[in-house]
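[1] how does the following fold in three dimensions:
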Amino acid sequence: EVQLVESGGGLVQAGGSLRLSCAASGFTFDDYAIGWFRQAPGKEREGVSCISSSDASTYYADSVKGRFTISSDNAKNTVYLQMKSLKPEDAGVYYCAADRGCIYSMDYWGKGTLDTVST
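    Here you go, the predicted structure:
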C-alpha cells in the first residue's frame with residue numbers, strides 16, 4: 001500500500017522558517033518524483049516544488065524560488081521542504097504527492113499538514 005505521510009507543519013511568524021517532511025512507503029522510491037503542493041482556503045491547489053528521486057532534478061514555483069528548498073534522502077525514503085522567509089500567503093495545507101514525474105495530477109497523495117503564518 002502506498003503511503004505518504006507529511007509532518008512538520010505548524011504556526012510560524014512571518015519571516016520564520018519551517019521544514020516539512022514527507023515519508024514515503026509502498027513503492028520504489030528511486031523510481032518516483034515527489035512533489036509538494038499547497039492549498040489555501042478558497043484557493044486552488046498550487047504546485048510548490050518537486051524533486052525527481054532518480055536524478056535529483058528540482059522544480060520550484062516562482063513564488064517560492066530562493067526561499068524554499070526541496071531535498072531527498074533516498075536512504076530514508078523521505079523528501080523535505082525547507083521553507084524560509086515565510087509570508088502570510090505561504091499559509092495553507094501542504095500535501096506531498098508521488099508520481100513517475102513532476103506533474104500536477106500526481107497519482108498518490110498524502111493527507112496534508114497545515115501551515116499557518118501569522119503577521
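[2] nearest residue to the middle of the chain?
    residue 36 (2.7 Å; CA atoms, centre = their mean).
[3] show me what contacts that one?
    Residues in contact with residue 36 (CB atoms under 8 Å, 6 or more residues apart in numbering) are 20, 22, 47-50, 70, 79, 81, 94-97. (Glycine included, C-beta is placed from N, CA and C.)
[4] which ones among those lie within strands?
    Residues of the contacts of residue 36 located in strands (DSSP state E): 20, 22, 47-50, 70, 79, 81, 94-97.
[5] which non-adjacent residue is nearest the residue nearest to the centre of the chain?
    The shortest distance from residue 36 to any non-neighbouring residue, by CB to CB, 6 or more residues apart in numbering, is to residue 48 (4.5 Å).
[6] mind exporting the C-alpha coordinates of stretch 2-22 to CSV?
    Written as CSV, here are the backbone C-alpha positions of stretch 2-22 (Å, rounded to 0.1, in the frame of the first residue of the first chain):
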residue,chain,number,x,y,z
VAL,A,2,1.4,3.4,-1.0
GLN,A,3,1.6,5.8,1.9
LEU,A,4,2.8,9.4,2.0
VAL,A,5,2.9,11.0,5.4
GLU,A,6,3.6,14.7,5.9
SER,A,7,4.9,16.2,9.1
GLY,A,8,6.4,19.4,10.3
GLY,A,9,3.6,21.9,9.8
GLY,A,10,2.6,24.4,12.4
LEU,A,11,2.3,28.0,13.3
VAL,A,12,5.1,30.4,12.5
GLN,A,13,5.5,34.1,12.3
ALA,A,14,6.1,35.9,9.1
GLY,A,15,9.8,35.7,8.3
GLY,A,16,10.2,32.5,10.1
SER,A,17,11.1,29.0,8.9
LEU,A,18,9.5,25.5,8.8
ARG,A,19,10.7,22.2,7.5
LEU,A,20,8.2,19.8,6.2
SER,A,21,8.9,16.1,5.8
CYS,A,22,7.2,13.5,3.5
